[in-house]
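Trainee: Turn this into a structure:
(2 chains)
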Number of protein chains: 2
Amino acid sequence: MPQQPEKINLAEKFALIPDHWNPRIAGELNGQQVKLAKFKGAFDWHHHEHEDELFLVVKGSFEMQFRDRAITLQPGEFLIVPRGVEHRPVASEEAEVLLFEPATTLNTGNLTDSERTRTNLERL
Amino acid sequence: MPQQPEKINLAEKFALIPDHWNPRIAGELNGQQVKLAKFKGAFDWHHHEHEDELFLVVKGSFEMQFRDRAITLQPGEFLIVPRGVEHRPVASEEAEVLLFEPATTLNTGNLTDSERTRTNLERL
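Mentor: Prediction:
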């Protein structure tokens, strides 16, 4: 039997997150996960070999840096970073971000031993 | 070469949608699609045999009806409907909804010849 569907309120879930760069799982479907994370400061440069990654800003804003340019994302804007493309999110103030990506995606991508690498994500 | 990433502004994209129950493709990643649709009125009862489906309300609200209960979704809330579960979205006023689901997902699921069935989705 499939589990009873329950709705997720993003603001309520973000309120449970006390730290930065530590994605939590808020939903799972078709082998993909919805993750919620707070960004603040500069993350590590990395790429994902096999996974495309979607970033949707819920609150605040951040800049997605690429090696040749940068894109600033505001609430209600999303960006898909294709596999293989080096990127680094930077948030001058705290930002609340929804990520959508395969369940296999490691937050630091090819950097498997960054101090920010998270391998066992909590569920909200 | 992967395509240059471009950000998508949801409000701008929804402004391009003149009709209801006609999802447009706003992004694609990992075999999944981000679709945007305006809901108004009652849709058809249906289910998806092989696809889980995520609904995130961007503006307005709607009720997701199941055979045994209903869940009302407000902006900033999402719901995942697991494969096989019959459902029917109903919006008393217009709602703007982001869907996330496999590229193979037909909007009317098992109903392949509803007047609302859309097989070739536009890209925004």
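
Trainee: partners of the residue nearest to the spatial centre of chain A in the sheet?
Mentor: Among the residues of chain A, residue A:99 comes closest to the average C-alpha position under C-alpha atoms, centre = their mean, at 3.9 Å. Taking DSSP bridges as the rule, residue A:99 bridges to residue A:35, residue A:55.

Trainee: got a pLDDT number for it?
Mentor: Note on residue A:99: pLDDT of 98.

Trainee: for residue A:4, same thing?
Mentor: As predicted, residue A:4 sits at a pLDDT of 80.

Trainee: In contact with it, which residues?
Mentor: Counting by C-beta atoms under 8 Å, 6 or more residues apart in numbering or on different chains, residue A:4 makes contact with nothing. (C-beta placed from N, C-alpha, C; glycine too.)

Trainee: quick one on the thing from earlier: please tell me I have it right and the residue nearest to the centre of chain A contacts residue A:34.
Mentor: Yes. Residue A:99 is in contact with residue A:34 according to C-beta atoms under 8 Å; the separation is 7.3 Å.

Trainee: for chain A, what spans make up the strands?
Mentor: Along chain A, counting by DSSP state E, strands occupy A:8-9, A:24-29, A:32-42, A:53-59, A:62-65, A:70-73, A:77-81, A:88-102.

Trainee: and chain A, which of its residues are near chain B?
Mentor: Listed as neighbours of chain B in chain A under the rule C-beta under 8 Å from any C-beta of the partner chain: A:2-3, A:5-11, A:27-30, A:32, A:34, A:51-54, A:58, A:64, A:66, A:71, A:73-74, A:76-85, A:100-102.

Trainee: Among those residues, the buried ones, what's the PyMOL command?
Mentor: Restricted to buried positions by 16 or more other C-beta atoms under 10 Å in any protein chain shown, the PyMOL selection for these reads:
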select buried, chain A and resi 5+8+10+27+28+29+30+32+34+51+52+53+54+58+64+71+73+76+77+78+79+80+81+82+83+85+100+101+102
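
Trainee: quick revisit: show me the residues around the residue nearest to the centre of chain A that make contact.
Mentor: Counting by C-beta under 8 Å, 6+ apart, the residues that residue A:99 touches are A:23, A:33-37, A:53-56.

Trainee: For those, give me CSV that also has pLDDT.
Mentor: What follows is the contacts of residue A:99, written out as CSV (pLDDT from 0 to 100):
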residue, pLDDT
A:23, 96
A:33, 97
A:34, 98
A:35, 97
A:36, 98
A:37, 98
A:53, 97
A:54, 98
A:55, 98
A:56, 98
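
Trainee: are any of those buried, and which?
Mentor: Those of the contacts of residue A:99 that meet the buried threshold are A:23, A:33-37, A:53-56, by 16+ other C-beta under 10 Å.
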